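Engineer: Predicted coordinates and the sequence they were generated for:
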Amino acid sequence: MDALKAILLYFIMLQTCNISAIDEEEWKTATATCTKQKDGSIIIEGACGYGDLHKASYGKYSAGLSRMLFNRGSTCGACFELRCVDHILWCLQGSPSVILTATNFCPPNYGLSADYGGWCNFPKEHFEMSEAAFAEIAERKADVVPVQYRRVNCDRKGGLRFTVSGNFHFYQVLVTNVGLDGEVVAVKVKGSRTGWIPMARNWGQIWQTNVDLIGQPLSFEVTTSSGRTLTSYNVAPVNWKFGQSFEGKQF
């Protein structure tokens with residue numbers, strides 16, 4: 001009987017691995033351009049609320065997404081693998097790939113053609129990359145290049161980071177450094193004098209509640225788009241202050 005259970009478990013695990021492999025091999029088509037920054041990377045605050053992207057650990061491997069991919073900010077924190085394809089002049093030989101984190105929104109420009117300048121016009125799928133990351137897959141002087149992309153798991157160092165802000169009547173938390181699928185879809189917070197409180201998305205990956213949580217140690221429950229939920233207890237001590245960041249567990 002134990003042998004039969006072991007065999008069944010083996011086939012279940014094998015099927016799961018096959019499904020994951022199929023998902024990883026599913027490439028889709030899009031386009032990519034780069035922004036010109038002094039140090040070749042994107043460091044400014046974007047539509048996901050991460051602030052300085054180097055401090056948020058995303059740095060040059062960040063990307064702005066067109067509306068089709070951005071999904072009103074819910075895609076913030078997700079990771080994509082990109083490679084330049086089908087352009088003999090601009091794509092680097094061997095089609096090397098780069099992994100990017102969604103950190104910003106690439107707005108449409110309907111005054112320009114989708115084929116020239118209006119790269120992020122609906123319904124185009126487009127990535128606006130840092131110059132440094134772009135140079136890892138294509139020639140820097142290229143304007144726009146055809147790419148293939150796929151969603152991949154995010155490889156993060158350390159735990160989830162929670163940055164608190166707000167005031168006595170308006171509490172916010174920014175969730176960063178999320179591993180695996182990286183895309184947070186729900187957040188709950190718990191004080192020592194409260195139960196679990198569902199938070200609403202304010203914008204990007206900033207979540208809010210109107211409950212006064214000052215003077216209470218804080219715990220967080222984070223759910224990602226894959227349905228995984230992670231709970232980090234007593235992440236912030238009783239004397240936490242607005243503007244501070246705290247580290248929790250990692251997926």
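Structural biologist: Perfect, thanks for sending it. Numbering: from 1, shown residues only.
Engineer: Any idea how far stretch 29-48 is from the middle of the chain?
Structural biologist: 14 Å (Cα atoms, centre = their mean, to the nearest Å).
Engineer: tell me which residues in stretch 148-167 are buried?
Structural biologist: 148-154, 156, 159-164, 166 (16 or more other Cβ atoms under 10 Å). In this view, the C-beta of every residue, glycine as well, is placed from N, C-alpha and C.
Engineer: now, among those residues, which is nearest to L69?
Structural biologist: Y149 (8.7 Å; Cβ to Cβ).
Engineer: returning to that earlier point: just the buried residues of stretch 148-167 now: which is nearest T33?
Structural biologist: Y149 (13.8 Å).
Engineer: what about the closest one, distance to P123?
Structural biologist: Applying Cβ to Cβ, to the nearest Å, the value for Y149 to P123 is 15 Å.
Engineer: ok, now V178?
Structural biologist: Distance from V178 to P123, by Cβ to Cβ: 27 Å.
Engineer: Comparing these two, which shows the higher neighbour count?
Structural biologist: Using other Cβ atoms under 10 Å as the criterion, V178 and P123 rank with V178 on top: 25 against 8.
Engineer: Please identify which helix or strand holds the more buried one.
Structural biologist: Per DSSP states H and E, V178 falls between elements, in no helix or strand.
Engineer: How is this protein partitioned into domains?
Structural biologist: Recorded structural domains for the chain (assignment: the TED database) are 28-151, 160-248.
Engineer: Identify the residue nearest the geometric centre of this protein.
Structural biologist: Nearest to the mean C-alpha position of the chain, by Cα atoms, centre = their mean, lies G77 at 1.1 Å.
Engineer: Excluding chain neighbours, what is closest to that residue?
Structural biologist: Nearest residue to G77, sequence neighbours excluded (Cβ to Cβ, 6 or more residues apart in numbering): G182, at 4.3 Å.
Engineer: ditto for S245
Structural biologist: Counting by Cβ to Cβ, 6+ apart, the residue nearest S245 is T163, at 4.4 Å.
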